[in-house]
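**Q** Quick one: sequence plus predicted model below, questions after.
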Amino acid sequence: MSTPYNKTGGRGDLPLIPGRMWSVARWAVLGIFGLILLMVLPRSCTRVETGEVGLRKTFTGTVEMEPLSPGFHQSLVGQVLIFSAREVLVPVKDLHPVTADKLPMEDVDVQFTYQVNPRSIPLLYTKYSATYHVEHDREIFVMQRFIEQFVRSAVADAIARFPALQVNDKRTEIVGLIQEDVNGKIKREGLDKDIAIGQIVFTTVQ
């Protein structure tokens, strides 16, 4: 039996792959590679937005103390934590402080704003317990629960100075006492250069 020849005239060689098939194979490989990149790249970079601070957390769990500025930062190795550096509005609801005449208020709600110095975020995050911070929608709000405790305590102490029938009429005075109390506690903790408390207001008093 005769041995088949390929197109180059060689005897017994495998048939050559046509050029068009090589082209299709090359584009298929490039397409698969591009698809892999599309799947990997979104997870390999984290964007720090304006008004945010990023901190890098290594694969060993160590948080680096150098803040990351707004922009894209690689997170394929390790993780980039995102922190809010904006002024934040925090509601504090369903309080039941007791008045000077020993009557519990039916419902008291307040809200306050606070802002953390961006340069203080690394130290505050690593120094204080994780229970003092709040994580929501990819952002970490440093010291939010810590300040909430101060506000709750200040509301209770301020309202305890007034009889129930005077609380509504003395709201402005009570807010002033709350503000003074909270700011005083922050200063005594040595945090007055790290955390700024904005306006505190009642939203419900019953």
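**A** Ah, there it is. All of these numbers come straight from a predicted model, not from anything done at the bench. Numbers count the residues shown, from 1 in each chain.
**Q** Nearest residue to the middle of the chain?
**A** residue 139 (1.5 Å; CA atoms, centre = their mean).
**Q** Based on its surroundings, how many neighbours for the spatially closest residue to that one that is not a sequence neighbour?
**A** Nearest non-adjacent residue to residue 139, counting by CB to CB, 6 or more residues apart in numbering: residue 84, 4.8 Å away. To be clear about C-beta, it is placed using only N, CA and C from the backbone, and glycine gets the same treatment. Here the count is done by other CB atoms under 10 Å, and residue 84 has 22 residues near it.
**Q** Tell me the pLDDT of the residue nearest to the centre of the chain.
**A** Looking at residue 139, its pLDDT reads 96.
**Q** got a list of what residue 141 touches?
**A** For residue 141, the contacting residues are 83, 84, 88, 133, 134, 135, by CB atoms under 8 Å, 6 or more residues apart in numbering.
**Q** and it, what are its bridge partners?
**A** residue 134 (DSSP bridges).
**Q** tell me which residues in stretch 176-191 are buried?
**A** Neighbour counts over stretch 176-191 (16 or more other CB atoms under 10 Å) mark 177, 178, 179, 181, 182, 183, 185, 186, 191 as buried.
**Q** out of the residues you listed, who's nearest residue 50?
**A** Of all the buried residues of stretch 176-191, residue 50 sits closest to residue 191, with 24.7 Å by CB to CB.
**Q** can you pull the contacts of the closest one?
**A** With contact taken as CB under 8 Å, 6+ apart, residue 191 is in contact with residue 143.
**Q** Surely the residue nearest to the centre of the chain and residue 53 touch.
**A** No. Using CB atoms under 8 Å as the test, residue 139 is too far from residue 53 to be in contact (10.0 Å).
**Q** what do those two both touch?
**A** Joint contacts of residue 139 and residue 53 (CB under 8 Å, 6+ apart) are 82, 83.
**Q** Output the buried residues of stretch 176-191 as CSV; include the columns pLDDT, secondary structure and distance to residue 127.
**A** Converted to CSV, the buried residues of stretch 176-191 look like this (pLDDT from 0 to 100; DSSP: H, G, I helix; E, B strand; the rest coil; distance: CB to CB, whole Å):
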residue, pLDDT, secondary structure, distance to residue 127
177, 97, helix, 29
178, 98, helix, 26
179, 97, helix, 26
181, 98, helix, 23
182, 98, helix, 20
183, 97, helix, 21
185, 97, helix, 17
186, 97, helix, 15
191, 98, coil, 11
